[in-house]
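Visitor: quick check, what structure comes out for this input:
(one chain, ligands or ions: 5)
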Amino acid sequence: MKRRSISIVPLFALATLYLQGSTDALLQHRKFKASSEPNVLTGRYIVEFAQQDATYPFAKSLSDTFDKDVKIHEQFTHDLFAGLSFNLDDPNPSAVTASSYDDKLQSLFDHDHVTAVYPIHAIQRPELTATQVREDDSIAKAIAPHHLTQVDRVHKELKNTGKGIVVGIIDSGVDYYHPALGGGFGKGYKVRYGEDLVGDKYDSNQPNPIVRPGPTPLDKCGAASGASGHGTHVSGIVAGKSANFTGVAPDATLGMWRVFGCTGSTGNDIIIKALLKAYDVGSDIISLSLGDNSGWTEGPDTVVASRIAKKGTIVSIAAGNAGASGAFTVGSPSTGKGVISVASFDNSNNLVYKFKATGFSDAIAYASGESGKFKTGDLVPGDNKVGGTQDACDASTIPAAVKGNYGLVKRGSCTFSIKAANLAKAGAIGVVVYDNSGGDAFTPSAPNAPVPVLGVGQKDGEALLAAVKKGKVSLTFDGKLSPVPLASAKTVSSFSSVGASYELDLRPNIGAPGGDIYSTLPRYLGSWGLMSGTSMATPYLSGSIALYLKARGKNVKPAYVLEDFQNYAFKAPAQNGVKGIDSPLRQGAGLIQVYDTIKQNIHLSPGEFSFNDTSSNQHKTQTFTITNHGHSTVHYQISNNVSLAVAPYDLAKSGYTYTQPISYTTDAAKLRISKKSIKVAPGKSVKVKVSVIPPKSDPKKHIMYGGYVQLKSSNKKNGLDLSIPYFGVVGHQKDLPIFDADFPYLSSDSDGKVAYEKNDTFVFHQRNKTASAFIITRLITPTPLLQADVIDVKTKKVIGKAFPDQTYLARHTLNPGEQAQALRWDGTYLPKSNKPSSLKGVPVPHGTYNLNVKALHVFGNPKSKKDFDVWTSGPIKVTN
Ligand SMILES: *[C@@H]1O[C@H](CO)[C@@H](O)[C@H](O)[C@H]1NC(C)=O
Ligand SMILES: *[C@@H]1O[C@H](CO)[C@@H](O)[C@H](O)[C@H]1NC(C)=O
Ligand SMILES: *[C@@H]1O[C@H](CO)[C@@H](O)[C@H](O)[C@H]1NC(C)=O
Ligand SMILES: *[C@@H]1O[C@H](CO)[C@@H](O)[C@H](O)[C@H]1NC(C)=O
Ligand SMILES: *[C@@H]1O[C@H](CO)[C@@H](O)[C@H](O)[C@H]1NC(C)=O
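Guide: Numbers count the residues shown, from 1 in each chain. Ligands and ions are numbered 1, 2, ... in the order given. Just a heads-up that it's a prediction; the model follows:
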């Protein structure tokens, strides 16, 4: 045995599926899409039916069977989704694994109408903190992003403000009494549609979430509640309007379906409900600034979003803010087929506070979630090894000298909340965090931190570090905001999640301004402020689409709208002085250019290419069609405009480790283009074939190359340049290991601190009803299917499964709490049987066993043994 120190997904994970009171029959049912995602909610399920009229009878059967022990949450009788969500409290679980409800549930779920049973997932609230800005700050005008996207020209030259277009928002509610948001709710008001689906106290992570729906989506949580005002900020970006502020589509009509309480997370059954309601009122665009960390497309909320898009309503969804964790961090539901996944670009200016520091002639810019008038105090190192990679992540490395002072630490490794909590515990009066990737002053998101947390640029941080090492540095604050230009203007925000989807669809699809965006806040938070996130980019795109629909008519198909925006997007260079165009895996087609998108008449379809990996020739050649909807003939030269490639893995370390954040390479593909020069007459279309010759990089590295098929116009008056983003992977995704090096391993505790080696015998005492062995897994690659066999060491035969199959697991990251997962084995097995629906866990006979854990490779065939990554445990001796 040895000690290991890693950070494991707490509590949730498979272990919870076996807690007393859970319903095993369900979990072992062939229709159950089990998943050990960290955000699975214990004992809560969504059942989907083949037909709408199955919902009520099924609800009745559930109630008749389980009486007070069942709580039915949502019932759906929609043509896009028939189903219900419920939880079951089993008062008498009969054995360690078997619930007293087993057989009854078996027969209910056997019913033909039931097509699938899903666990309910928690969708975390986007943790963003606003920098509040005083109302009379006319400088707010100076940071409006509309010149970056041509929205200023659409307002001014086209007099288009989106009037009559309905944008349905799914978020934390809205303070519609805010004067810039119309001052009321319902007919005749800007916020016309919507409702509160959950109430202030709702938090899906509570054991018994309190759901108190209300007739309007008003956010009146109050400053003391810890609410961030997210939905109000998002609403203002789409359609806010006041003397000093103009949203993207200031005359559009809004709907708001409130799915978050004042704090905490929501469930994906609530998201489904909100999606269907937003669709039913006739929203032209549905906007979701939320999501989880899984790049699969199979979750029920993702499926419903895709069905809505298929019906012709545009669904725009945030790609996620996990860019710091490297490739494959775009989350669902933005991975859904036919929905638009939105990346964030940085604004051209930021509003920052400045402090004076002893020995510095210029005041130093910082950003903070709190208004900036802080106590004068001294700055001291916030970690014994300040400037390292783990600053203040561990309370034991914090010097005593922080007491009564500000602690200086470097960004990275753990969350700002953890750093702040550790430093506050040691007596610090505040935290100054400096960037670790060359960036400017930034707002560290540390909700409810006990002390102020200030973010400064890397250069300033390093200068401060040198100064505090030399002598006393005192900080003084005047609390005034001033605009400063951002070096990162018009490039992809460092936090913006990186694609592709796990199944190699291009994600994100497109970008909009999301870094340092000024908009409305609830009046209880001072009415105005800055926030950063793909949460801001998404409503920006939604508002822009409102302008487009206003100009082009509401009946344009979602795919066509996205293509148009992609055709004319601005291709950004990489941030921080890296030479080259940024990868489509960061920016999709690029930053939207709304005026061009509306006014131009030449259309390319499709708007993006995925050349997939190099395991087959199937995706290597693709065709696009160029159509001239204008009045003059257009000529284009077609060429390959390569972007930087993404190197997702660091192979120098042990096996595959993600580069966090991603690193770039200059590996470039060649394109064979069937026509280098084309002429398209008005009303005509031309087809062009594009074949890829991937770069000759080492297939082990899985380099994600990319670029743009570039159409250069010979006469800009008749048509502007256009482009199509493309990407592909050199190597076979199927070859990627699922398990990270040194994983899985067996542990006696769920936090994985004690690791059993292959030659250690794990002794399992069955008389101890809570005895457990934990398989600690770390998935470097996501897997669609994870199975575990119990093998009798003597006979070398598989006696059955250790627990139900797990499906669609996300990849882990190096972030605390997301590094690994504990799968609990309770000493029972599911015997092999021809009747899968009658399975029940039974204790294994006394003896010695190995657990054989098999994870299916991405694009693997579940019927092919060699498509699994396999790990076998050391001996587990099961005795009395
Ligand atoms: C707009 O800005 C001006 C100048 O700072 C200020 O006087 C005015 O009160 C602001 N108006 C609103 C509605 O915030
Ligand atoms: C990539 O190829 C795999 C099969 O090798 C397929 O399952 C997947 O859908 C493809 N992805 C795209 C975006 O075409
Ligand atoms: C490639 O794209 C960049 C950015 O839009 C542009 O400046 C450059 O001219 C393009 N190169 C070619 C060969 O078209
Ligand atoms: C078990 O194996 C490890 C290396 O894998 C070795 O260091 C250790 O000595 C072995 N222990 C026993 C009891 O054989
Ligand atoms: C029973 O098992 C649990 C979990 O493995 C362990 O924490 C506990 O110490 C065991 N109790 C006894 C009496 O061995």
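Visitor: identify the residues contacting the closest residue to ligand 2 within the stretch 301-450 of the chain.
Guide: Closest to ligand 2 within the stretch 301-450 of the chain is K337: 9.8 Å, counting by Cβ to the nearest ligand atom. (Each C-beta comes from the backbone N, C-alpha and C, glycine too.) Each residue near K337 by Cβ atoms under 8 Å, 6 or more residues apart in numbering is listed here: 297, 306, 309, 505.
Visitor: against ligand 3, how distant is the residue lying closest to the first one once chain neighbours are set aside?
Guide: So the one you mean is T297. The spatial neighbour of T297 that comes closest, neighbours along the chain excluded (Cβ to Cβ, 6 or more residues apart in numbering), is T335 at 4.9 Å. From T335 over to ligand 3 the distance is 27 Å, taken as Cβ to the nearest ligand atom, to the nearest Å.
Visitor: burial measure for T335, as a count.
Guide: Applying the criterion other Cβ atoms under 10 Å, we find 31 residues in the vicinity of T335.
Visitor: give me phi/psi at D516?
Guide: Backbone torsions for D516, taken as degrees, to the nearest 10, come to phi 60, psi 60.
Visitor: so K469 touches P381, yeah?
Guide: Yes - between K469 and P381 there is a contact at 7.4 Å, judged by Cβ atoms under 8 Å.
Visitor: who has more neighbours, these two?
Guide: Here K469 and P381 are set side by side on neighbour count (other Cβ under 10 Å), and the busier one is P381, at 21 against 13.
Visitor: near ligand 2, which residues of this structure? Just list them.
Guide: Neighbours of ligand 2 within the chain, by Cβ under 6 Å from any ligand atom: 503-505, 610, 612, 615-616, 619, 859.
Visitor: could you list the low-pLDDT ranges of the chain?
Guide: Per-residue confidence of the chain (counting by pLDDT under 70) places the weak regions at 1, 4-40, 42-43, 90-103, 134-138, 371-372, 653-654, 816-817, 833-840.
Visitor: and it, what are its domains?
Guide: The chain breaks down into these structural domains: 2-10+741-879, 21-123, 131-347+489-598, 349-485, 600-736 (assignment by automatic domain parsing).
Visitor: just those domains: most buried one?
Guide: When these are scored by mean count of other Cβ atoms under 10 Å, the highest mean neighbour count falls to domain 131-347+489-598 (a mean of 24).
Visitor: for the chain, longest helix please?
Guide: In the chain, ranked by residue count with DSSP state H as the criterion, the top helix is helix 534-552.
Visitor: and the next element down the chain from that one?
Guide: Once helix 534-552 ends, the next helix or strand along the chain (criterion: DSSP states H and E) is helix 558-567.
Visitor: please, where are all the strands along the stretch 151-300 of the chain?
Guide: Read by DSSP state E, counting those that start in this stretch, the stretch 151-300 of the chain holds these strands, from start to end of the chain: 166-171, 191-196, 241-242, 245-246, 253-258, 266-267, 285-288.
Visitor: what's the fifth one packed up against?
Guide: When contacts are defined as 3 or more Cβ pairs under 8 Å, 6 or more residues apart in numbering; DSSP states H and E, strand 253-258 packs onto strand 166-171, strand 191-196, helix 230-239, helix 268-280.
Visitor: nearest to G461, of those?
Guide: With Cβ to Cβ as the measure, helix 230-239 is the member of the helices and strands packed on strand 253-258 nearest G461 (27.5 Å).
Visitor: what helices or strands is that closest one leaning on?
Guide: strand 166-171, strand 253-258, strand 517-520, strand 528-531, helix 534-552.
Visitor: out of these, nearest to Y279?
Guide: Of all these, it is strand 166-171 that lies closest to Y279, at 7.7 Å by Cβ to Cβ.
Visitor: and the longest strand for the protein?
Guide: Longest strand in the chain by number of residues, with DSSP state E as the criterion: strand 473-485.
Visitor: now do it: everything it contacts.
Guide: Surrounding strand 473-485, the residues in contact under the criterion Cβ under 8 Å, 6+ apart are 131, 133-134, 137, 139, 142-143, 348-359, 365, 371-379, 406, 432, 440-441, 464, 467.
Visitor: in strands, which of these appear?
Guide: Restricting the contacts of strand 473-485 to those inside strands, with DSSP E as the criterion, leaves 131, 349-357, 365, 377-379, 406, 432.
Visitor: pipe the helices and strands packed on strand 253-258 into TSV and attach distance to T761 per row.
Guide: As requested, those are exported to TSV (distance: least, Cβ to Cβ, whole Å):
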stretch	distance to T761
strand 166-171	52
strand 191-196	56
helix 230-239	52
helix 268-280	42
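Visitor: A144 against Y518, yeah?
Guide: Yes - counting by Cβ under 8 Å, A144 touches Y518, with 7.0 Å between them.
Visitor: intersection of neighbour lists for those two?
Guide: With contacts taken as Cβ under 8 Å, 6+ apart, A144 and Y518 have F245 as neighbours in common.
Visitor: the closest residue to ligand 5 within the chain and D826: what is the separation?
Guide: As assessed by Cβ to the nearest ligand atom, ligand 5 sits closest to N768 within the chain, at 3.6 Å. Computed with Cβ to Cβ, to the nearest Å, the distance linking N768 and D826 is 11 Å.
Visitor: residues from the stretch 151-300 of the chain in reach of ligand 1?
Guide: With Cβ under 6 Å from any ligand atom as the criterion, the stretch 151-300 of the chain meets ligand 1 at residues 242-244.
Visitor: what's the end-to-end length of stretch 547-562?
Guide: When the termini of stretch 547-562 are compared using Cα to Cα, to the nearest Å, they are 13 Å apart.
Visitor: how far does stretch 506-522 stretch from one end to the other?
Guide: Taking Cα to Cα, the span from the opening residue of stretch 506-522 to its closing residue is 36 Å.
Visitor: make residue 1 into 810 and carry on from there
Guide: Happy to do that; since the first residue is 810 now, the last one works out to stretch 1315-1331.
Visitor: any chance of the strands of the stretch 960-1109 of the chain in a markdown table, plus distance to T1604?
Guide: Formatted as a markdown table, the strands of the stretch 960-1109 of the chain follow (distance: least, Cβ to Cβ, whole Å):
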| stretch | distance to T1604 |
| --- | --- |
| strand 975-980 | 54 |
| strand 1000-1005 | 60 |
| strand 1050-1051 | 75 |
| strand 1054-1055 | 74 |
| strand 1062-1067 | 57 |
| strand 1075-1076 | 44 |
| strand 1094-1097 | 52 |
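Visitor: and these: which comes nearest T1206?
Guide: That would be, of the strands of the stretch 960-1109 of the chain and by Cβ to Cβ, strand 1075-1076, which comes in at 36.1 Å.
Visitor: that's a strand at S1254, yeah?
Guide: No - inclusion of S1254 in a strand is not indicated when DSSP: H, G, I helix; E, B strand; the rest coil is applied; the result is coil.
Visitor: please look at it and A1176 and confirm they touch.
Guide: No - in this structure, S1254 sits apart from A1176 without contact. The criterion is Cβ under 8 Å, and the distance is 10.6 Å.
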